[in-house]
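Visitor: coords below, sequence missing:
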């Protein structure tokens, strides 16, 4: 724990937010355990965290979308609005993007207060509780991943690798859209069980079962789309085997070594499409609406709650996959 000055509103379009709930994300764990993600290296001390909700405590004179007292979902990405990517409708790949808890960009939300541009805030007072509101950020990645996968209908066969919060967010989105033919590949049995509770039709443990063979037993012609949310090389290798010709591989997980190796002979013969997912794009309101409607129950993935003072314990438990951890929340 470190004491720092309370941040202040400087620009007319900024808001001061009293943080209410924070989700511990896999990328936070990468920074915590390895000190980096790819080329983004932490220089200590540095506050991580980007999944949060909060109460607006102060708003600049130009702010019109929120007001003091509002509970808000915070989109952690601050785009410039004028580069070629922003003008092309791709603020998530903004040339000047600044992201909460990203080294060299913005200090994270693992703090009592943050100051953000008001456009990053989505009011949810009376619609969501603080934990649900903080969970919107990872859920937007699930929503965006399914959107990026292209046409997904009730007849689509899908396979997911990784039943962590992002994999489960994708599963929740698929299930909410009426997709029932879903398999989950995950080496931790307690996470497999959770995936089954949320909506996976069949479950595969890659440590004890042959993934390709198990998929063939469920889908003779193999699957239409695979969502890789583990960041593991073995998952990518098995995903290529599990996809039918013309299938789509959606890469969502972050590989620790920042690279994958593909069987290009098999990928070429199957003519597979590989789709990369970069966070989310224009999916926050859709994610909020799905939770408000009752179609998506995000709290099903939450396993632990901690105080701000217990943050180190929370990170150790999540990093070590201890005590059945899936999603840990830090509540202020």
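Guide: Received it, and whenever you're ready, just let me know what you need. This structure is a prediction, so every number in the text was calculated from the model and none was measured.
Visitor: Strands along the stretch 101-250 of the chain, start to end?
Guide: Applying DSSP state E, counting those that start in this stretch to the stretch 101-250 of the chain gives strands spanning 113-117, 121-123, 158-161, 182-185, 202-204, 223-228, 243-251.
Visitor: where does the chain have its least confident helix or strand?
Guide: strand 36-37 (a mean of 78; mean pLDDT, DSSP states H and E).
Visitor: Can you list the neighbours in contact with the next helix or strand after it?
Guide: Proceeding N to C from strand 36-37, the next assigned helix or strand is strand 40-41, under DSSP states H and E. The set of residues external to strand 40-41 that reach it, using CB atoms under 8 Å, 6 or more residues apart in numbering, is 35, 102, 103, 104. For the C-beta atoms, the positions are set from N, CA and C on the backbone; glycine is no exception.
Visitor: what about the very next helix or strand once past strand 40-41, distance to the chain center?
Guide: Sequence-wise, the next helix or strand downstream of strand 40-41 (DSSP H and E) is strand 51-59. How far strand 51-59 lies from its chain's middle: 20 Å, per CA atoms, centre = their mean, to the nearest Å.
Visitor: Which neighbouring elements make contact with strand 51-59?
Guide: Counting contacts by 3 or more CB pairs under 8 Å, 6 or more residues apart in numbering; DSSP states H and E, strand 51-59 packs against strand 14-23, strand 71-74, strand 113-117, helix 130-148.
Visitor: circling back to that earlier point, just checking: what are the partner strands of the least confident helix or strand of the chain?
Guide: Looking at strand 36-37 with DSSP bridges, its partner strands are strand 40-41 (antiparallel).
Visitor: Check the offset of the strand it pairs with from the chain's centre.
Guide: 19 Å.
Visitor: Give me the average confidence score over it.
Guide: The average pLDDT within strand 40-41 is 82.
Visitor: can you tell me which residues contact the spatially most central residue of the chain?
Guide: In the chain, the centroid-proximal residue (CA atoms, centre = their mean) is residue 138; its distance is 3.1 Å. Neighbouring residues of residue 138 by CB under 8 Å, 6+ apart: 23, 25, 51, 165, 166, 169.
Visitor: pLDDT at residue 1, what is it?
Guide: For residue 1, the model assigns a pLDDT of 72.
Visitor: That one: what's it in contact with?
Guide: 308, 309, 311.
Visitor: one more time with 6 Å
Guide: By CB atoms under 6 Å, 6 or more residues apart in numbering, no residues touch residue 1.
Visitor: what separates it from residue 309, distance-wise?
Guide: Taking CB to CB, to the nearest Å as the criterion, residue 1 is separated from residue 309 by 7 Å.
Visitor: Ok, residue 60 next?
Guide: 31 Å.
Visitor: Now do the phi/psi pair for residue 49.
Guide: For residue 49, the backbone dihedrals (degrees, to the nearest 10) come out as phi 100, psi 130.
Visitor: That one touches residue 112, doesn't it?
Guide: No - Residue 49 is beyond contact range of residue 112, at 11.8 Å (criterion: CB atoms under 6 Å).
Visitor: more crowded one of the two?
Guide: Counted by other CB atoms under 10 Å, residue 49 and residue 112 do not tie: residue 49 has more neighbours, with 25 against 14.
Visitor: Next one, pLDDT for the more buried one please.
Guide: 94.
Visitor: domain assignment for the protein?
Guide: 14-137+281-331, 141-276 (automatic domain parsing).
Visitor: so can I have JSON lines of those showing distance to residue 5?
Guide: Shown next, in JSON lines, are the domains of the chain (distance: least, CB to CB, whole Å):
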{"stretch": "domain 14-137+281-331", "distance to residue 5": "10"}
{"stretch": "domain 141-276", "distance to residue 5": "32"}
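Visitor: want to try JSON lines for the contacts of residue 138, with neighbour count and distance to residue 8 as columns?
Guide: Conversion of those to JSON lines gives the following (neighbours: other CB atoms under 10 Å; distance: CB to CB, whole Å):
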{"residue": "23", "neighbour count": "25", "distance to residue 8": "26"}
{"residue": "25", "neighbour count": "25", "distance to residue 8": "27"}
{"residue": "51", "neighbour count": "30", "distance to residue 8": "24"}
{"residue": "165", "neighbour count": "27", "distance to residue 8": "33"}
{"residue": "166", "neighbour count": "27", "distance to residue 8": "34"}
{"residue": "169", "neighbour count": "30", "distance to residue 8": "34"}
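Visitor: Next, format these as JSON lines and append distance to residue 116.
Guide: Formatted as JSON lines, the contacts of residue 138 follow (distance: CB to CB, whole Å):
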{"residue": "23", "distance to residue 116": "17"}
{"residue": "25", "distance to residue 116": "17"}
{"residue": "51", "distance to residue 116": "14"}
{"residue": "165", "distance to residue 116": "22"}
{"residue": "166", "distance to residue 116": "23"}
{"residue": "169", "distance to residue 116": "22"}
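Visitor: Looking at the residues you listed, which is nearest residue 286?
Guide: residue 169 (12.8 Å; CB to CB).
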